[in-house]
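> Next input, structure requested:
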Amino acid sequence: MEQTVTTDLNPSRKASITLPETLGRSVSLEQAARLLQVSRRTIYNHIRDGHLITIRTYGSQRVLVESLQSYTSQFS
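Predicted coordinates:
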């Protein structure tokens, strides 16, 4: 089941965000930015501020899908 969220993640535009069911346990920072319709810098800021949780796999940092869902549910 896809989760659609209408949010003000980017104050300059209102967006409807859909997190596809086919996502695995984690996504790359670039994928997270595309899903939330924000820049990579904004993703790093959300990680730093504790809004998104990441894991490291083979040297790359990935955002847990569960934290994306939790974060976007704040705006629904």
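
> most remote residue from the chain's center?
Most distant from the centre of the chain: Tyr58, at 20.5 Å, with distances by CA atoms, centre = their mean.

> moving C-terminal of the helix or strand harbouring Val27, what's the next helix or strand?
Secondary structure from DSSP states H and E places Val27 in strand 26-28. Using DSSP H and E, the helix or strand that directly follows strand 26-28 along the chain is helix 29-36.

> What mean pLDDT does that following helix get?
In this model, helix 29-36 has a mean pLDDT of 95.

> try stretch 57-70
93.

> What residues of that stretch count as buried?
Neighbour counts over stretch 57-70 (16 or more other CB atoms under 10 Å) mark Arg62, Val63, Leu64, Val65, Ser67, Leu68 as buried. All C-beta spots, glycine's among them, are computed from the backbone N, C-alpha and C.

> Now do the contacts for Gly24.
Under the criterion of CB atoms under 8 Å, 6 or more residues apart in numbering, the contact list for Gly24 reads Val65.

> Ile47 versus the residue nearest to Arg40 when sequence neighbours are not counted, what's the distance?
In space, and not counting its chain neighbours, Arg40 is closest to Ala33: 4.9 Å by CB to CB, 6 or more residues apart in numbering. According to CB to CB, to the nearest Å, Ala33 stands 11 Å off from Ile47.

> Could you look up the SS state of Ile55?
strand (DSSP: H, G, I helix; E, B strand; the rest coil).

> That one against Leu29, yeah?
No: counting by CB atoms under 8 Å, Ile55 does not reach Leu29; the two are 11.6 Å apart.

> what residues are shared contacts of these two?
Counting by CB under 8 Å, 6+ apart, the residues touching both Ile55 and Leu29 are Gln61, Arg62.
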